[in-house]
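In: Sequence first, predicted model second:
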Amino acid sequence: MKTFFLSILLILIFCEIKADVLDNFVGNANTIYVIRLKNGDLLTGQLIDIIEDSGEMGSSIKFRTQIGTTTIYGSEIIEIIIKDDLNRHSHRAFIMPTAEPIGKNHFVGNYMIALFYAGFGIYDYVSVTAGRSVIPTVLRQDQISVLNVKATLYTLDWESMKGGMSIAIGGNLAFINDRNRFSHLFTNITFTGDRTDITGMVFMKTGQDELYEYRFAERVYNSFYANNSFGIGMGLTTKFSERHDLYFVGELWNTDIAKITNTGLIGAIRLQNSSFSADFGLMYFTPFTLIPVVNFIWTPF
């Protein structure tokens, strides 16, 4: 697992070893862009001109914002994003993967304080996410490990309005304690709009085991999860307003459609920018169980 995360880190570092952002930027005067600076600021506006300069400061751009026109050097810019593509977290709802690829939005995250995970994309086709828990007082062999691999097979942009559609297939593998393995195959479809993204998912449990016994500290739990059972899920992400940073995130899923008691629901508020997001919400299970949930994602690249 340590080797795996080291490999992810090296990939992310390699992805950042690149030329000046402006070297391959052409731009369109009629397009609204968002520029992310190295100091964390976001500037929204329109391109006026690209100024090429081989001097010490390098190339720069003239950029018109709501508060005036400014000159920005390429050495100060991390990336230039079309405003409609600003949401760097579209590859997931809360914890459920959407059909959208991770692409260049590599990230590291923390779920419920105790589970650390990371994700990276290979072009706009393959997305990989993996994590490992560090629950206090729980032995190493009783921790949780997860791996999710997704392939985005098809993407389409609507011609008559903003947004589009993506279709993906994938699989995941999870260990609750080293002895208990859960694996699934899934397919999902995501519809994206101007402010709202909706994802539908169908998944199937694979493997041999059906009875599971796992331990956390001094407590022992038992569960039954039938092989070849089908589950369904739905994810929703929508902006509250024209602001970039405030979203509602919801998920509804059932791990076995033959049992209504296998249903879960998450509702959360997401505060995000182009490099960080924080989700705060509640998770509900049947029979009545309500717990607070948090999820933090850092996308520094």
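Out: Looks like it came in fine.

In: Touching, Asp245 and Gln272? I think so.
Out: Yes - the criterion here is C-beta atoms under 8 Å, and Asp245 meets it with Gln272 at 5.7 Å. In short, each C-beta sits where N, CA and C put it, glycine included.

In: Which one's more surrounded, the two?
Out: Shown here are Asp245 and Gln272; by other C-beta atoms under 10 Å, Gln272 has more neighbours (20 against 16).

In: Tell me how far the more buried one lies from Asn188.
Out: 21 Å (C-beta to C-beta, to the nearest Å).

In: just Gly207 next, same as before
Out: 20 Å.

In: Looking only at neighbour counts, state which of those two leads.
Out: Neighbour comparison, Gly207 and Asn188: the larger count goes to Asn188, with 24 against 13 (by other C-beta under 10 Å).

In: Secondary structure element holding that one?
Out: Using DSSP states H and E, Asn188 maps to strand 181-192.

In: what's the distance between that strand and the middle of its chain?
Out: Counting by C-alpha atoms, centre = their mean, to the nearest Å, strand 181-192 is centred 14 Å from the centre of its parent chain.

In: what ranges do the strands span in the stretch 101-250 of the chain?
Out: 107-111, 115-122, 126-133, 144-157, 164-176, 181-192, 196-206, 211-216, 219-224, 230-239, 246-254 (DSSP state E, counting those that start in this stretch).

In: Just put those in JSON lines and tack on mean pLDDT.
Out: As requested, the strands of the stretch 101-250 of the chain are arranged in JSON lines below (pLDDT from 0 to 100):
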{"stretch": "strand 107-111", "mean pLDDT": "96"}
{"stretch": "strand 115-122", "mean pLDDT": "96"}
{"stretch": "strand 126-133", "mean pLDDT": "97"}
{"stretch": "strand 144-157", "mean pLDDT": "96"}
{"stretch": "strand 164-176", "mean pLDDT": "95"}
{"stretch": "strand 181-192", "mean pLDDT": "96"}
{"stretch": "strand 196-206", "mean pLDDT": "96"}
{"stretch": "strand 211-216", "mean pLDDT": "78"}
{"stretch": "strand 219-224", "mean pLDDT": "80"}
{"stretch": "strand 230-239", "mean pLDDT": "95"}
{"stretch": "strand 246-254", "mean pLDDT": "95"}
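
In: And these: which comes nearest Met283?
Out: Met283 lies closest, by C-beta to C-beta, to one member of these: strand 246-254, at 8.8 Å.

In: Only the buried residues of the closest one, if you could.
Out: For strand 246-254, a neighbour-count test (16 or more other C-beta atoms under 10 Å) marks 247, 249-254 as buried.

In: same check, this time on stretch 192-202
Out: 192, 197-199, 201.

In: same check, this time on stretch 167-176
Out: 168, 170-173, 175-176.

In: do stretch 280-297 as well
Out: Buried, per 16+ other C-beta under 10 Å, within stretch 280-297: 281, 283, 293, 295, 297.

In: right, and the fourth one touches Met112 too?
Out: This means Asn295. Yes - assessed by C-beta under 8 Å, Asn295 is found in contact with Met112 at 7.5 Å.

In: Okay, and the beta partners of Asp265?
Out: To be clear, residue 265 is Leu; Asp isn't right here. Here Leu265 sits in beta bridges with Leu252, Tyr284, as judged by DSSP bridges.

In: what does Val202 give?
Out: Where Val202 sits in a bridge, its partners, by DSSP bridges, are Thr187, Ile232.

In: From Ile189, how far off is it?
Out: From Val202 across to Ile189, the span is 9 Å (C-beta to C-beta).

In: can you put the strands of the stretch 101-250 of the chain in CSV and add distance to Pro287?
Out: Shown next, in CSV, are those (distance: least, C-beta to C-beta, whole Å):
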stretch, distance to Pro287
strand 107-111, 24
strand 115-122, 25
strand 126-133, 25
strand 144-157, 23
strand 164-176, 21
strand 181-192, 22
strand 196-206, 21
strand 211-216, 19
strand 219-224, 14
strand 230-239, 18
strand 246-254, 14
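
In: Looking at these, which is nearest to Ile67?
Out: In terms of C-beta to C-beta, the element of these nearest to Ile67 is strand 246-254, at 21.7 Å.

In: mind saving the C-alpha coords of the closest one as PDB?
Out: The C-alpha trace of strand 246-254 is given here as PDB (Å, rounded to 0.1, in the frame of the first residue of the first chain):
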ATOM      1  CA  LEU A 246     -21.500  26.500  -2.700                       C
ATOM      2  CA  TYR A 247     -23.200  23.200  -3.600                       C
ATOM      3  CA  PHE A 248     -25.700  20.700  -2.300                       C
ATOM      4  CA  VAL A 249     -24.600  17.100  -2.700                       C
ATOM      5  CA  GLY A 250     -27.000  14.100  -2.300                       C
ATOM      6  CA  GLU A 251     -26.700  10.400  -2.700                       C
ATOM      7  CA  LEU A 252     -29.200   7.500  -2.500                       C
ATOM      8  CA  TRP A 253     -28.200   3.900  -2.800                       C
ATOM      9  CA  ASN A 254     -29.400   0.400  -2.100                       C
END
